[in-house]
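>>> Okay, predicted coordinates and the sequence, questions at the end:
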Amino acid sequence: MTAPDKTSLLRSPWFDAWRRLKKNRAALGSLFFLLLLMAAALLAPLLQGHGVANPDEQNLPLKLSAPCSAHLFGTDALGRDLFARILFGARISLFIGLLATLVTIFIGVTYGLVSGYQGGALDNLMMRIVDILYTLPFIFLVILLLSLFERSFLLLFIALGAVQWLTMARVVRGQVLSLKERDYISAVRALGGNTSRILFRHLLPNLLGIIVVYATLTVPVIILQEAFLAFLGLTVPGQEHSWGMLINEGIDAINPVRISWWLIVFPGMFLTLTLLTLNFLGDGLRDAFDPRDKG
Amino acid sequence: MAYLVRRLLISLPVLLCVAVFSFLLVHYAPGSPFTSEKNISDETLIALKKEYGLDRSLPMQLALYLRNLSKGYLGRSVYYKDQTVNEIIATALPVSAKLGLFALMVALLIGIPIGILSAYRKNSWLDHASMAVSMIGISLPGFVLASLLILFFSFYLGWLPAVGYAGPRYVILPALTLSAPYIAYLARLTRASLLEVLSQEYITTARAKGVSTARLLFRHALKNGILPVISFLGPASAGILTGSIVVEKIFAVPGLGINFIHSALHRDYFLAIGCALVYGALLISFNLLADLLAAAADPRIAHDRAG
C-alpha cells in the first residue's frame, strides 16, 4: 500500500464535496456563522468579566433598559444583561440540538442499516412500523408526556429523539439497499468478510455523507422543538437559559405601555439565524454530496 | 380503492393506540385532577372519584372509556365541572378550524402565485428576493413571528388587537402567523416543481411549435407542476394544526390548542385524552385526504398503488 497520491486525493468524495461546498457562498457563510457561534458559546464562561456580563446578575434599577453601550442588547425585567443571557442560552440550545441529534443518528442509522441490509420480510415489517410511527400525532403525545410527568433531561431527549430518527432510518435504509448490490460488497463477501465487517467497514463509510447531511438538517428541527416546548412552559431543570425560554420571558415582559422590543428581537434573531444557517448548510451539503439533485 | 380501504383500516388501530397510550399516560402521571383543590376532605375526594369513575381499577376504567368512545362519548371534564368533553370540543374546534382553514387559504393564495412568478422570471431579482425571503419565512419560529407582529402592528402602530377573539380583526395576526411558513414552503415547492417540468421534452416540443411562454407555463407546465403542491397539502395542514397550539396561546384564541395545553396542566384527564384523539383523527384524515387528492390529480399514483 502506498500513500495516497494527489490524484486519488482529488477523487475522494469528501474532497469533491468540500470543493463544491466552497463554491456555495450561502452554505460557506452559514458554516462560518455557526462555527463562530459555537466558539462564542463554548468560550462564554471564560469571556465572563471580559466584556461579557454575568447572565444571572440582577440589577433592578437598570431593569428593562434599552440597548446601550453598557448593555449591547439591553436588559430584561430583572435588569440582567440580555447579550450575556443569549450567549449562555446558545450553550443550552446548541447542546440540546447536537446531543438529541446524536441520539437520532444512533437509532436511525442502526435501524436503517439492519432493515436495508437484511431486506425481505424483516425489512418490510420494520418499514411498516416506521410508516405507522410517522402517522402518530407525536408532538401532542410529547406535550402530554412533558406536562404530566416530572420533567428531566432524559425525558426531553426521549421526547425530542422519538420522532426524528424516522427520517434518518428511511434515508439510510434506501442508501443501503442500493449499496449492498454493488460489486465491491459481493467481493468482500466472496473474500469471507462477515456481516458486521461489511456493515461497519464497508457500508458505513459510504453512508457518512448522507448521515452528515440529514444530521445537519435534524439539528434545527430539534432546536426549534426545544424552543417550542420551552415556549409552552414545558422546561426541564437546567433548560432555564435556553433561547426558547428567553423569548418566553420576553413575551411575558412586553406590553403596550412599555415596548421592550429588544427582549423579543434579539433572542428571536439568534434563534432564527441559527435555524436559517443550519438549513442553508444542510442544503449546501446535500448539493455537495449529491450534485445530481442540484436544481 | 383497495389502497384507500387499506389506509382506512390502518387508521383505526392507530387511533386506538393513541387513545390507549394517552389514557395510560394520563393515569400513570403523578398528581390527580383534584390535588389543586385545597382543604378537600377525604369523603369529598372519594365521592368525587366515584362520580368520575376513578375509584375503579385501571383496566375497568380503560374498558369503560373505550366503551363510551365507541359510542362517540368522550367523558366529562374534571376541571370545567358541568361540561362534557364533547361540548367543550364542539365549541373550541370550530374556532381552531376556521383559523386553520383561513391560514391555509392565505398560504395557497399567496404562496403558489409567488412560486409561479419566480419560475416564470427565473434568476431575476424578483426570483432571488422571494426565495431569500421564503428561506427566512421557513426558519422563523411561529412564536417569534407572532410576538414580532404583536410588537409592530398592535403595540407600535396600534392597528390590530394583540389578544382575544371577538371579530374578523382578531383573526388577521393569528392567521398570518400560521400561514407564513407555508407561504414560504409553497412558493419554493411550486417554483422547484415548475422548473423541473419546464425542463422536460414535451415543453421543448411545445416551445418549438411556437407556444408563448405564458401559455406554456399556465396551460402545459402548471398541470403537472402542481402535483407536488397537492401532496404537500397533507403535511401542511398537519403543521398548521400543530402551529395553532402556539398561536392560540399567544393570541389567547379560545380554540382546541389552548384547551389541550390547559387540560394537560390541570390533569383534566378526559379533556386531555379527547383533545389528543381529535388531533390524531384530524392528522390522519388530512394525510388521507391529501393522498386521495394526489391520486385524483395524477392517475400514475393511483396506478402505482393499485399494483
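Looks like it came in fine. What you see is a predicted model; the values in this text were computed from it and never measured.

>>> which residues in the stretch 51-200 of chain B form helices?
For the stretch 51-200 of chain B, applying DSSP state H, counting those that start in this stretch gives helices covering B:58-70, B:85-120, B:125-139, B:142-149, B:172-198.

>>> Any idea how far apart the tips of stretch A:251-271 sit?
Start-to-end span of stretch A:251-271 (Cα to Cα, to the nearest Å) is 15 Å.

>>> Report the residue spans of the stretch 201-307 of chain B with pLDDT below the cut-off.
Along the stretch 201-307 of chain B, segments meeting pLDDT under 70 span B:301-307.

>>> how about the helices of the stretch 51-200 of chain B in JSON lines, adding mean neighbour count, distance to A:R197 and mean pLDDT?
The C-beta positions use only the backbone N, C-alpha and C, and glycine is treated the same way. Shown next, in JSON lines, are the helices of the stretch 51-200 of chain B (neighbours: other Cβ atoms under 10 Å in any protein chain shown; distance: least, Cβ to Cβ, whole Å; pLDDT from 0 to 100):
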{"stretch": "helix B:58-70", "mean neighbour count": "13", "distance to A:R197": "48", "mean pLDDT": "83"}
{"stretch": "helix B:85-120", "mean neighbour count": "19", "distance to A:R197": "48", "mean pLDDT": "89"}
{"stretch": "helix B:125-139", "mean neighbour count": "16", "distance to A:R197": "42", "mean pLDDT": "86"}
{"stretch": "helix B:142-149", "mean neighbour count": "24", "distance to A:R197": "47", "mean pLDDT": "87"}
{"stretch": "helix B:172-198", "mean neighbour count": "23", "distance to A:R197": "41", "mean pLDDT": "89"}
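
>>> Quick check: closest non-adjacent residue to residue 268.
Picked chain A for this. B:V144 (3.8 Å; Cβ to Cβ, 6 or more residues apart in numbering or on different chains).

>>> actually it's chain B I care about, not the one you picked
In space, B:D268 is closest to B:Y79, 4.2 Å off (Cβ to Cβ, 6+ apart).

>>> Count the neighbours of A:G193 for me.
A:G193: 15 surrounding residues under other Cβ atoms under 10 Å in any protein chain shown.

>>> got it, and A:E181?
A:E181 has 9 nearby residues by other Cβ under 10 Å.

>>> how about it, phi and psi?
Torsion angles at A:E181 (phi, psi; degrees, to the nearest 10) stand at phi -90, psi -10.

>>> swap in A:D81?
According to degrees, to the nearest 10, A:D81 has phi -70, psi 120.

>>> Report pLDDT for the closest residue to it other than its chain neighbours.
Distance criterion Cβ to Cβ, 6+ apart; nearest residue to A:D81, sequence neighbours excluded, is A:A53 at 3.7 Å. What the model reports for A:A53 is a pLDDT of 71.

>>> ok, now A:T2?
48.

>>> Repeat that for the one 4 residues further on.
pLDDT, A:K6: 51.

>>> show me the residues around the residue nearest to A:D81 that make contact.
Counting by Cβ atoms under 8 Å, 6 or more residues apart in numbering or on different chains, A:A53 makes contact with A:71, A:80-81, A:83-84.

>>> Can you give me the distance of the residue most central in space within chain B to A:I86?
Nearest residue to the geometric centre of chain B (Cα atoms, centre = their mean): B:L241, 1.9 Å. B:L241 sits 31 Å away from A:I86 when distances are taken as Cβ to Cβ, to the nearest Å.

>>> what's the answer for A:V109, then?
33 Å.

>>> Neighbours of B:T213, how many?
By other Cβ under 10 Å, neighbour count at B:T213 equals 11.

>>> The nearest residue to it once chain neighbours are set aside and A:E57: what is the separation?
Closest residue in space to B:T213, ignoring its immediate chain neighbours: B:Y120 at 7.3 Å, by Cβ to Cβ, 6+ apart. To A:E57, B:Y120 is 56 Å away according to Cβ to Cβ.

>>> Which residue would be the closest one in the stretch 151-300 of chain B to chain A?
Residue nearest to chain A within the stretch 151-300 of chain B (Cβ to the nearest Cβ): B:A264, separated by 3.9 Å.

>>> you'd agree that residue is up against A:V142?
No: when contacts are counted by Cβ atoms under 8 Å, B:A264 is not listed as touching A:V142 (10.7 Å).

>>> So which of those two has more stuff around it?
The neighbour comparison of B:A264 against A:V142 (other Cβ under 10 Å) goes to B:A264, with 27 against 21.

>>> Point me to the helix or strand that includes that one.
helix B:256-265 (DSSP states H and E).

>>> Specify the angle between that helix and helix B:85-120 in degrees.
130 degrees (axes from the mean of the first three to the mean of the last three Cα atoms, to 10 degrees).

>>> just how off-centre is helix B:256-265 within its chain?
15 Å (Cα atoms, centre = their mean, to the nearest Å).

>>> so what does it touch, helix or strand wise?
helix A:138-148, helix B:85-120, helix B:227-251, helix B:269-297 (3 or more Cβ pairs under 8 Å, 6 or more residues apart in numbering or on different chains; DSSP states H and E).
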